[in-house]
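> Sequence first, predicted model second:
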Amino acid sequence: MTIQNPSVSIKSLDLSFGAVKVLQNLNLDIADGEFLVLLGSSGCGKSTLLNVIAGLLEPTDGQIWIKGQNVTWAEPSERGIGMVFQSYALYPQMTVEGNLTFGLKNAKVPKDEIAKRVARAAEVLQIEPLLKRKPGALSGGQRQRVAIGRALVRDVEVFLFDEPLSNLDAKLRADLRVELKRLHNSLQNTMIYVTHDQVEAMTLADRIAIMKGGKIMQLGTPAEIYGQPQNLYVADFIGSPSMTFFDGAVNGATIDIPGHDLPLGRYAFKDRPVDGTPAIIGIRPEHVMTGDNLASAPYKTEVTVDLVEPMGSDTLVYCEFGGQTFRIRMDGQAQVAKGDRLTIGIDPAAASLFDKTTEVRL
Amino acid sequence: MADLAMQNATAAMTQPLGQTLAAGPRGRKPKKRLSRANIIVYGTLFVMAMYYALPLYVMIVTSLKGMPEIRMGNIFAPPLEITFQPWVKAWQEACTGINCDGLSRGFWNSVRILIPSVILSVAIASVNGYALSMWKFKGSEVFFTILMIGAFIPYQVMLYPIVILLREAGLYGSLTGLVLVHVAFGMPINTLLFRNYFSSIPEELFKAARVDGAGFWAIFFKIILPMSLPICVVALIIQVTGIWNDFLFGVTYISSPDRYPMTVQLNNIVNSVQGVKEYNVNMAATLLTGLVPLVIYFASGKLFVRGIAAGAVKG
């Protein structure tokens, strides 16, 4: 997919600290008004990439373009970006208003313009009553709102978020997540958002870039990432609990895993391998059919329940299948107990197949 | 299952809390006042406190006695007749060599040395520490290491080379020269202090300020410095006491008794060999000399502790 007039464009970016290559030949185009999430486990280079885009780190090689300008050598303040940090990074000795106006005063914006922008940001984020307070007197959620406001008043094209919700408790995180999405819907700015939380990534993103070892493993919409992971890493990373993987071999219309020959049926091969190719099949716990759905399953078998984890909305069942501990997600109403016999159905069309050696999707 | 839950619920409602507990230990464990550990701890503390307080006590009472009373010999006895004459004499009339205008001259010399030295060294060291912790440049660690090595070279080694340097610069014997020496020698420890304190400030704050368009000095003055009161107080105390109590540099780099700092003059008064030894005047002179650091400690004790603790968190 090529993007016309990208808002942010990263071209052959390299970054090494000494001998350690943190980013390797990275290319990424981000469309105008897009919400892009950089997702990965810690140390994958996602925060580093964001810092390079912000101009807080210098790349070893490559270019950064923002709004058609090559900003590779530009100061952070000259790039038309606003940034929100995990630890909020509010200036502790200034009031909320001081925090919001600090950047504008540095940029010598006229006073009445500053007042106008602060008023607007305070209204959007509902922080008007807090303007005269110091950050120390605010709660975590309020602080993060002020931090977002600080980016908002700068009237920038691109917002950068570095794990902004990670310091908040679970409930507040869910609330602010929704608020962020509303904010994006109303502002329509380009937003680049770094997180290690896949729920945040799935819910917020227009597109997700999954990173590992300084490379992008897959770039796509949340549905693509979830439904057609392009390699084993992405398949394992996305989904909670994650897929169960079985070693097997493609054999005609089936994939043969230990003890079972699963019919491939309508599985959409990207590139059909020759028979006998060793392959890995990954099955999501929520794609295993039980109860009423069983009728449509192309393959049915019976398993013994080893362990039950009731989670309220749904119930996770562990059992032995194909030589592995197999996770099955069932309805929260399901009455199952350890030792029960359970009939399950599997549809490989909803599963993912990977080449055993290259770990790329088949 | 449901029955069990029901039972639990009714049990919680009908049994007033704690009424059915068995006899035996309950609640907070009682502590003995006069335990062996307490006696050892408080005993040791008392002995140590006496060890430090007694000399001070002797100095104060002696300085308030007249010479006849001192000659009676009871150094621990409180003064029978309190007199402030020794204090007045120490300040205004005590003789060093040919000058007989007391410690006041040395006091004002010391003040003239202290103020510029402290301001300069704290100002330079804070900027040093800021640059070394937040604007790391190529070789900044090497630079810092070299600065630290400076702190470990004995002063004696550098005394004479500095004499030559000051002579060549035309500053030998002057107060300005001494100020420069104090600033230079205060640099390693104060830079270390500020650098460690600044590294405990979250890096994201610094990044946010850069995104907000603040430069080197704007970040320093508007963000970092307002957060640094505790460590500034620590540096201030270290420098004030260090420079005020300095004897070696004062006696080495000042050439004329007119410009001697207070400590050097005190030494000359106490060690003067002519006439009678006036213990009360000597004690008063010593107390007067120690007054400035004492006042500084009392005035800023709380901030000092806070700053030391904050600087120690991250190294």
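Perfect, thanks for sending it. Residues are numbered from 1 along each chain as shown, chains lettered A, B, ... in the order given.
> now the chain, which segments are flagged as low pLDDT?
Since you didn't name a chain, this refers to chain A. Residue ranges of chain A with pLDDT under 70: A:1.
> I was after chain B.
Ranges of chain B meeting pLDDT under 70: B:1-19, B:97, B:273, B:307-315.
> what does it have sitting close to chain A?
Residues of chain B found near chain A (CB under 8 Å from any CB of the partner chain) are B:202, B:204-205, B:207-214, B:218, B:222-223, B:226-227. Where C-beta positions appear, they are placed from N, C-alpha and C, glycine not excepted.
> and if we set it to 10 Å?
For chain B, the contact set with chain A under CB under 10 Å from any CB of the partner chain comprises B:201-215, B:218, B:222-227, B:229.
> now the strand or helix carrying B:Leu120, how far from the chain's geometric center?
Element membership of B:Leu120, judged by DSSP states H and E, is helix B:104-134. Put simply, helix B:104-134 sits 14 Å off its chain's centre (CA atoms, centre = their mean, to the nearest Å).
> which parts of that helix are buried?
B:104-107, B:109-110, B:112-114, B:116-118, B:120-122, B:124-134 (16 or more other CB atoms under 10 Å in any protein chain shown).
> could I get stretch B:84-99 in PDB with only the CA atoms?
As requested, the backbone C-alpha atoms of stretch B:84-99 are provided in PDB (Å, rounded to 0.1, in the frame of the first residue of the first chain):
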ATOM      1  CA  PHE B  84      31.600  39.200  78.300                       C
ATOM      2  CA  GLN B  85      34.900  41.100  78.300                       C
ATOM      3  CA  PRO B  86      36.900  38.200  76.700                       C
ATOM      4  CA  TRP B  87      34.400  38.200  73.700                       C
ATOM      5  CA  VAL B  88      34.800  42.000  73.300                       C
ATOM      6  CA  LYS B  89      38.500  41.700  73.600                       C
ATOM      7  CA  ALA B  90      38.800  38.800  71.100                       C
ATOM      8  CA  TRP B  91      36.700  40.800  68.600                       C
ATOM      9  CA  GLN B  92      38.200  44.200  69.000                       C
ATOM     10  CA  GLU B  93      41.600  44.200  70.800                       C
ATOM     11  CA  ALA B  94      43.400  40.900  70.600                       C
ATOM     12  CA  CYS B  95      46.900  41.300  69.200                       C
ATOM     13  CA  THR B  96      48.500  39.400  66.300                       C
ATOM     14  CA  GLY B  97      52.000  40.700  65.900                       C
ATOM     15  CA  ILE B  98      51.900  44.500  65.600                       C
ATOM     16  CA  ASN B  99      48.100  44.700  64.900                       C
END
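> Where do the domain boundaries of the chain fall?
No chain specified, so I'll use chain A. A:8-229, A:237-355 (automatic domain parsing).
> My question was about chain B, not that one.
B:36-83, B:104-313.
> Give me whichever of those domains is most buried.
domain B:104-313 (a mean of 18; mean count of other CB atoms under 10 Å in any protein chain shown).
> residues touching B:Met67, list them.
B:83, B:85-86, B:276-281 (CB atoms under 10 Å, 6 or more residues apart in numbering or on different chains).
> tilt between the host helix or strand of B:Ala235 and helix B:104-134?
Using DSSP H and E, B:Ala235 maps to helix B:229-245. Comparing the axes of helix B:229-245 and helix B:104-134 via axes from the mean of the first three to the mean of the last three CA atoms, to 10 degrees yields an angle of 140 degrees.
> What count of nearby residues applies to the closest residue to chain B within the stretch 101-250 of chain A?
Minimum separation of the stretch 101-250 of chain A from chain B (CB to the nearest CB) falls at A:Gly103, amounting to 3.4 Å. Per other CB atoms under 10 Å in any protein chain shown, the neighbour tally for A:Gly103 reads 23.
> Following the chain past the helix or strand that contains it, name the next helix or strand.
In this structure, A:Gly103 sits in helix A:96-106 according to DSSP H and E. On the C-terminal side of helix A:96-106, the closest following helix or strand by DSSP H and E is helix A:111-125.
> returning to that earlier point: can I get the helix holding B:Ala235 in CSV, CA atoms only?
Extracted C-alpha coordinates of helix B:229-245, given in CSV (Å, rounded to 0.1, in the frame of the first residue of the first chain):
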residue,chain,number,x,y,z
LEU,B,229,16.7,24.1,46.1
PRO,B,230,17.8,21.2,48.3
ILE,B,231,20.9,20.4,46.5
CYS,B,232,21.8,24.1,46.2
VAL,B,233,21.6,24.3,49.9
VAL,B,234,23.8,21.3,50.4
ALA,B,235,26.4,22.7,48.0
LEU,B,236,26.1,26.1,49.8
ILE,B,237,26.8,24.5,53.2
ILE,B,238,29.7,22.4,52.0
GLN,B,239,31.3,25.4,50.4
VAL,B,240,30.6,27.9,53.2
THR,B,241,32.0,25.6,55.9
GLY,B,242,34.8,24.4,53.7
ILE,B,243,36.0,27.9,52.7
TRP,B,244,35.3,29.5,56.1
ASN,B,245,37.3,26.7,57.9
